[in-house]
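Visitor: got a predicted structure plus its sequence, pasted below:
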Amino acid sequence: MRVTVSAIPDVLFFEPEVFGDNRGYFFESFRQDEVETQIGKVSFVQDNESKSGYGVLRGLHFQKPPFTQSKLVRAVQGRVLDVAVDIRQGSPWYGRHVSCLLDGDRKNMMWVPKGFAHGFVVLSEAAVFAYKCDNYYTPSHDAGIMWNDPALGIDWTLPQEDIRVSAKDACQPFFDQIDLFPYNEYRQEKLYPGKAPHV
């Protein structure tokens, strides 16, 4: 498993080795020991999967404390642009984001920690998106940020007229209204002891 540190060191990109021949392919989609070497002690409790068509944008989402979630995300089929926004007040990367093209052929993954808002847009005709969470979904603490907030400057790479969002995501609050994640409480080495030093 090749691991790349993003421009925000707490967000990681994972790319497994895929073995293919005329029968098909094989790869290890998840290894607890590899994840803990890179992230620290983490326990996943819920797996989610969605299917979306071209231009569907889901995000930017997070769960409010005390039910915050980290996610290990990937495209099972198709291609999506995946985005994580640092919403930790006091973070050196506060308000910045990183993006990654997740491709069902490459089988690559992205680690989105607690204290980040997350979203993706489908670039292919359709995409199946799957992710592991380290906390359960809690509807009462479901929250988000407006996907096209100018303060974030996210390039979703598609024409705006092609992007489709839910009614909920069309009326999320703007970034400057979010004040829930003090950096000192959401430093990854504090949340996940044993995390390898990436900086």
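Guide: That came in fine, so what should we check first? Numbering: from 1, shown residues only.

Visitor: now what about the helix or strand containing N48, what contacts it?
Guide: N48 is part of strand 46-53, with elements assigned from DSSP states H and E. Identification of contacts with strand 46-53 by Cβ atoms under 8 Å, 6 or more residues apart in numbering yields 58, 76, 122, 125-133, 135-137, 164. Just so you know, the C-beta spots here come from the backbone N, C-alpha and C atoms, and that holds for glycine as well.

Visitor: ditto for stretch 101-111
Guide: Residues from elsewhere that reach stretch 101-111, judged by Cβ under 8 Å, 6+ apart: 11-16, 18, 27, 29, 38-39, 70-82, 84, 100, 120, 123, 127-129.

Visitor: swap in stretch 125-133?
Guide: Under the criterion Cβ under 8 Å, 6+ apart, external residues in contact with stretch 125-133 comprise 30, 44-54, 58, 69-80, 102, 104, 120.

Visitor: give me that answer again for 7 Å
Guide: Defining contact as Cβ atoms under 7 Å, 6 or more residues apart in numbering, one finds that stretch 125-133 is touched by 44-54, 69, 71-80, 120.

Visitor: tell me which residues of it are tucked away?
Guide: Using 16 or more other Cβ atoms under 10 Å as the test for burial, stretch 125-133 gives A127, V128, F129, A130, Y131, K132, C133.

Visitor: and the next helix or strand past the host helix or strand of the fourth one?
Guide: What it means is A130. For A130, the enclosing helix or strand under DSSP H and E is strand 126-133. Remark: after strand 126-133, the chain's next helix or strand is strand 142-144, criterion DSSP H and E.

Visitor: give me the next element, helix or strand, following that following strand.
Guide: Sequence order places helix 188-191 as the next helix or strand after strand 142-144, per DSSP H and E.
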